[in-house]
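In: my questions are about this predicted structure, shown below with the sequence.
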Amino acid sequence: MPAQDAPVPQDPADALAAVAALRRLADQIEDAAVEQAMRAGWGWPEVAEALGVTRQAVHKKHAKRLIAAGVTLRRRQ
Amino acid sequence: MSTIDHYINDIVLRGAAEAREEGSAATEAHHLLLAIAAVEGTAAHRVLTAAGFGRQAIRDALDREFEHSLNAVGVSLAAYDLPKPFRDPTDHPKPGASARLALERGFAAAKGKKDLRPAHLLLGVLSADVGTVPRALALAGLDRAGLMDRVEETLARESW
């Protein structure tokens, strides 16, 4: 949706709820996207750089879940 | 552990499972509400069910609130069709700010530990004036104040 069409919530409650919902959606997209990338053979450094976070951060957040999912992970570099 | 301790532990664990399924890093108040609605045999469960607000109805209301909040800034949930990520069954998201507040309010609603019952926890969750739970209830057309009155009525006459 083009920015000029995006509504601006007038009620602070709506605006704050939108922030919470966007964070939740971003988390859900991140989980799916990181899993997708690692299944496709990406390494932690590439995923971290693409997300704009440190390797340690992305590893800490996703490694346990992906190992449990049976994803073959490349060694941390 | 007392019966209420077991109940609280069960609600926190079930809430964590709801949070995990949702992909949430923390257990929030709305996850506790889902858990309270899922445990039968309590006045809290009976009040929610009588109001037509069983676990599935709550889940539906929460999903609507999520979509509604995203729509407010022009984001359509339907536009995202990513594969469902794997959820680690051993992961137990810890209580977040809203869940801790709901538990504190629930404890404060009781006259001491011996008086504490499941309905007090429900009161704690329902007493938030802002956040996901009151928004979801309002969108579902549910009268939160009326629901809280009914919970308080049951506390006066029901032991569990």
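Out: Done, it's in.

In: from here on, just use CA atoms for contacts and neighbour counts.
Out: Will do.

In: chain A contacts on chain B?
Out: B:23-24, B:66, B:69-70, B:72-75, B:82-88, B:91, B:130-132 (C-alpha under 8 Å from any C-alpha of the partner chain).

In: hmm, 7 Å instead?
Out: B:23, B:66, B:69-70, B:72-74, B:82-88, B:131 (C-alpha under 7 Å from any C-alpha of the partner chain).

In: got a quick ChimeraX command for the buried subset of these?
Out: This is the ChimeraX syntax for the buried subset of these, where burial follows 16 or more other C-alpha atoms under 10 Å in any protein chain shown:
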select /B:23,66,69,70,72,73,74,85,86,87,88,131
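
In: what's the closest of the residues of chain B next to chain A to A:I29?
Out: Nearest to A:I29 among the residues of chain B next to chain A: B:L82, at 7.1 Å, using C-alpha to C-alpha.

In: what's the closest non-adjacent residue to the closest one?
Out: The shortest distance from B:L82 to any non-neighbouring residue, by C-alpha to C-alpha, 6 or more residues apart in numbering or on different chains, is to A:A32 (6.4 Å).

In: helix or strand for that neighbour, which one?
Out: Element membership for A:A32, per DSSP states H and E: helix A:12-39.

In: can you get me a residue count around residue 10?
Out: Answering for chain A, as no chain was given. Using other C-alpha atoms under 10 Å in any protein chain shown, A:Q10 is surrounded by 9 other residues.

In: try chain B instead
Out: 15.

In: now swap in the one 5 residues further on and tell me
Out: Other residues lying near B:G15 total 29 when counted by other C-alpha under 10 Å.

In: just give the closest residue to B:G23, not the sequence neighbours.
Out: Distance criterion C-alpha to C-alpha, 6+ apart; nearest residue to B:G23, sequence neighbours excluded, is A:Q28 at 6.1 Å.

In: same question, B:H30
Out: In space, B:H30 is closest to B:V133, 5.7 Å off (C-alpha to C-alpha, 6+ apart).
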